[in-house]
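# mind folding the following:
(chains A, B and C)
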Amino acid sequence: MKLSNGILAVASSISLVTVAATAQAAPAPTPVTFWYGLGGQQAADVEHLIHEFNRTHPTIHVKGYFAGSYGANGPEQQKLLASIAAGKVPTVVQLEIHATCSFAAGGALMKLNSWMASSPHDKSSDFIPGLMVNTGCGKATYGVPFNRSVPILYYNRAMFAKAHIAGPPKTWEQLAADARKLTRKGVVGFEPVNQWWFFEAMDWSAGGQILNPAMTKATFANAAGARGMALWVKMVKEHIAYVHSGPNDFLETIQDFLNQKTAMYFGSAADMAFDDTAKFSWGAAYTPTFAGHRLAVPTGGANAVIMAKAPLAQRKAAWTFVQWWTAAPQTIWWSEKTGYLPVLTAALHSSAMKAFFKKNPNHAVPVYELAYAREAPPSPHYYQVLQDIQNAQDDIMDFSQTPQAALAKAATQADQALTGQ
Amino acid sequence: MVHPAPALARVTRRSGRSADARAGWLMLAPTLAVLLSFVIGPLVLGMGLSFTHYNLMSGQAQFAGVSNYRDLFAGGSTFWTALLNTVLFTLGTVVPTITLAVFFGILLNQQLIGRTFYRTVLFAPYVTPLVGASIAWIWLFRRQGFVDWVMQLFGVTGPGWLSSPHTALIAIIIATLWQYTGYFTMLVLSGLQAIPPDVTEAARIDGAHGLSLLRQVVLPLLSPTILFCLILSVIQSFQVFDQIYVMTDGGPGTSTLTLVYYLYQLGFEFFHFGHGAAVGVVLLAVLLTFTALQLKLSSRWVHYDL
Amino acid sequence: MTARQPLRFLGTHAVLLLASALILAPLFWMLSLSLQNASAAFSFPPHFLPLPPHWLNYPAAWVSEPFGRMYVNSIVVTFGIIAGQLVTCSMAAYALSRIEFKGKRAVFLVVLATMMVPVQITFIPAFLILSRLGWIDTYQALIVPFVASGFGVFLLRQAFLQVPQALIDAARIDGAGHWTVLRAVMVPLSKPTLTTLAVLSFVFHYNDFFWPLIVTNSNSMRTLPVGLTMMIMSTGTGGTQWNQLMAADVFTLMPLIILFALGQRYLTQTPLTTGIK
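Next up, the predicted model:
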């Protein structure tokens, strides 16, 4: 690794010389390399904002690169690992929130606390409070909310009216009762997406915790953890709920909702732009909680992180870019376009955002739900814990194991992951 | 392409063995340089790292003895699940692939109307980009997808192939058979083409026909090709990754978690590179042993001459 | 022959046609989906015939990513690799089949063993080497690591072993050295195997996805399979245009099918009968 540092030093001094040489002619814009992990139309939206930034900031040139999907098992993180090992890192990266601590623990990410403190509008207190969860480890902040989401309950208004149900359920108990009323031939009452993200929400909203405070032990294998899964199993067996599984489970669930095959589904705020294509009136509601427990929801998506090993000038330029990105006009544009949450409180109070929410009240729901956001344990081993939970969820919904048994097995494996190394 | 250099050649010939050795190593040099730099060197490094807790991000390796291996072999470890899945996948692909390849190879080795068409059709899946093919298979196998629809025509309710831990591995095996059978058929065909027509003709005159001709003459002559295909397909199957990466991520549960996918998960999703490297080393050892065994046993059924 | 045995003729074709139908079904479905509207992928029962065909999916897919440039890259990279492999593999195969020297057996085994190494264990160190050479995001990074191949050496060695020793002896008596024998005797006599290697290698590297994504950053260096994955949106957001993705799949696949249809007659002439000695 030492050698690569040496090479990096040589390489950067060469680039400094080049910069110095060209500086006499015309001030060369500071290059910023930005890796993102969104494809399709979302990538086009990212590129549009990059283009806008470059147009308005002649001293900086941001170049965006698609680095493969940013998810835990997507290739972006592998690319990033390789670049870190080689000592040739990008400047700023869209990084999945749960990976923040893993990368920060290895010293790869720049601590942003002091820059944020002196920023005109990107102080920690400037962001919508719930969004600062999972942007760092302990007191150190390494990421700025970039594309973030929360779990959301979507429901079909027409079907609710037909079944004489006044509004969306607030509790899981109520949801089960409503689902029973909504189920009819060809329509199921409720479809959850059987992924760990939703397990976090249910465990927390039943008073549970995924890990102990020291993050050394799994604590989800108990009544609170099993409660939500047991309810899903019961509803599926009663045929008032249906659970997709397999590689396209998320998509197929959304598709069932759009085709009015389910009256409700439990999805992500990021689906909203897609749900807007529905040909019927639908509503977005808070994630249900269990009666007597305060709602707690995880957040999802990615942060923008700045790489510690990038040259200072580039990091500063990247910081300018990040601050521009989160500023009200851009965050509003991004949010309206993609359904991801606006990130600054100032943006919420802007007249443009207010007008947008007035016209699209569904889009305001996830923003207010952020008041219930809770931080997922910032453990560097959290991906492994989540994989164990996911395996348990698959076994439970396949009816091959009871919730208690599957979660107990997952907890044993998670404990090994947490104490190993 | 290759420098003729007749003068050098003459020298080479005169100075005998040492000149032979020089020419040999010179000819091997480019291959060895590339393989050493990009396969063998990295492998040796990876083997070394399997004895450490290696943090890719800080570049720090902490000596860990055999603890990574001990964790793998511990009872109830996911490693055993991955090994079992890999063995099942290998059995499920190698046997049908080779059987079908020999079958189609023999059919397509005849003078046949539309032979070019059939061969092209058979080979088409192999040339389909795996990323694209796997995406297509996800849709074909989805609940209420194409495959379920076909099954419904026969009055059977589809299981939601990739959604059930009981069928997901089978679905991946089917997609793999589809992709690779044509490739091995081509290899078998090339083996068949090399059998001199006069040999089969002579056997025919001696009274061998149909199945007996196949069993007594064609298959023995084809046996070296079959061995080649067998070894190749075992190696490929043990290394299965792409289909699983695109189609299932090892799930549902751990039902399609194979060794290489487990290596990838440990090393690059969970950031335990040393642990992942240990899986890679075990995999390599298994493959080397298995291949050596196949070669050793092959003398019993492979015939190099009639 | 076929005329004399009508029953067998029918049987053979029945089997082959059935197999062809099964093999083509997924490809047909891909093609059909590429010509339908965006939600067709979800319909049940499936729509088989894309009526009316949405031809515009193709131009839409083509412009969604820089596929033109990616085509060029894929071609440059695969041809670069093939050219390299044909040279390095035939040299190595000659040395391992026709020259006697100490250590030959060991080298052969090591070369064979490289076929069994999973890329997931070697890619980080290999990446470091490329990075130190300053080759990340260049054609070299996509080509050089693959210009030698254990499989290629193995395949060609099998073919070279088949060339009758008498031919080589005759050439050597005429004063030819090893290099001349390789160029003037072995290569011309092993053309079918060289073609096979070229085609197999072409297909493999044309379709490779993981490595090109890791070692390239800019779209101008990316290859077709990477382009395909770029069309997929993040999970949960649901906006992926599956019909356009299938269209891209089809135009990625087409050159290979055409190439194969034209070249399969050379491909099937490869002798492997010497087996593994």
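# show me where chain A has its strands.
Counting by DSSP state E, chain A has strands at residues A:30-36, A:60-66, A:92-96, A:136-137, A:140-141, A:143-149, A:151-156, A:188-192, A:262-268, A:282-285, A:300-306.
# tell me what the fourth one is packed against?
I take that to be strand A:136-137. helix A:100-105 (3 or more Cβ pairs under 8 Å, 6 or more residues apart in numbering or on different chains; DSSP states H and E). The C-beta positions use only the backbone N, C-alpha and C, and glycine is treated the same way.
# name the helices or strands packed onto the helix it packs on?
Short answer (3+ Cβ pairs under 8 Å, 6+ apart): helix A:100-105 packs on strand A:136-137, strand A:300-306, helix A:382-397.
# TSV for these, including distance to residue B:177?
Below are those laid out as TSV (distance: least, Cβ to Cβ, whole Å):
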stretch	distance to residue B:177
strand A:136-137	47
strand A:300-306	37
helix A:382-397	25
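# any chance of a markdown table for these, columns mean neighbour count and mean pLDDT?
Conversion of the helices and strands packed on helix A:100-105 to a markdown table gives the following (neighbours: other Cβ atoms under 10 Å in any protein chain shown; pLDDT from 0 to 100):
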| stretch | mean neighbour count | mean pLDDT |
| --- | --- | --- |
| strand A:136-137 | 21 | 90 |
| strand A:300-306 | 26 | 96 |
| helix A:382-397 | 25 | 94 |
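# quick one: closest of the ones you listed to residue B:23.
helix A:382-397 (52.9 Å; Cβ to Cβ).
# ok, then the element right after the helix or strand hosting residue C:79?
Assigned by DSSP states H and E, residue C:79 belongs to helix C:67-98. Downstream of helix C:67-98, the next assigned helix or strand under DSSP H and E is helix C:104-113.
# chain center to that next one, what's the gap?
Centroid separation between helix C:104-113 and its chain, computed with Cα atoms, centre = their mean, to the nearest Å, is 24 Å.
# quick one on the thing from earlier: looking at the strands of chain A, which has the lowest confidence?
Of all those, strand A:136-137 carries the lowest average pLDDT, namely a mean of 90.
# parallel or antiparallel, list what pairs with it.
Applying DSSP bridges, strand A:136-137 is found paired with strand A:140-141 (antiparallel).
# just how off-centre is the strand it pairs with within its chain?
Worked out by Cα atoms, centre = their mean, strand A:140-141 lies 18 Å from the chain centre.
# what does it rub up against?
Residues external to strand A:140-141 that are found in contact with it (Cβ atoms under 8 Å, 6 or more residues apart in numbering or on different chains): A:104, A:111-113, A:116, A:124, A:132, A:135.
# dump the strands of chain A to a markdown table, plus distance to residue A:251.
Listed next are the strands of chain A as a markdown table, based on distance: least, Cβ to Cβ, whole Å:
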| stretch | distance to residue A:251 |
| --- | --- |
| strand A:30-36 | 21 |
| strand A:60-66 | 21 |
| strand A:92-96 | 19 |
| strand A:136-137 | 32 |
| strand A:140-141 | 34 |
| strand A:143-149 | 16 |
| strand A:151-156 | 14 |
| strand A:188-192 | 12 |
| strand A:262-268 | 10 |
| strand A:282-285 | 17 |
| strand A:300-306 | 16 |
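# tell me which of the helices and strands packed on helix A:100-105 approaches residue A:148 most closely.
strand A:300-306 (4.1 Å).
# neighbours of residue B:216, how many?
14 (other Cβ atoms under 10 Å in any protein chain shown).
# from residue B:192, how far off is it?
When distance is defined by Cβ to Cβ, to the nearest Å, residue B:216 is 15 Å away from residue B:192.
# out of the strands of chain A, which comes closest to residue A:416?
Comparing these against residue A:416 with Cβ to Cβ, the closest turns out to be strand A:136-137 (21.7 Å).
# please pick the buried ones from the contacts of strand A:140-141.
Applying 16 or more other Cβ atoms under 10 Å in any protein chain shown to the contacts of strand A:140-141, the neighbour count classes A:104, A:111-112, A:116, A:124, A:132, A:135 as buried.
# which stretches in the stretch 251-400 of chain A count as helices?
Using DSSP state H, counting those that start in this stretch, the helices found in the stretch 251-400 of chain A span residues A:272-275, A:312-326, A:328-338, A:345-349, A:351-359, A:361-369, A:382-397.
# what about whichever residue of the stretch 51-200 of chain C sits closest to chain B, neighbour count?
Closest residue of the stretch 51-200 of chain C to chain B, Cβ to the nearest Cβ: residue C:177 (2.0 Å). Applying other Cβ under 10 Å, we find 22 residues neighbouring residue C:177.
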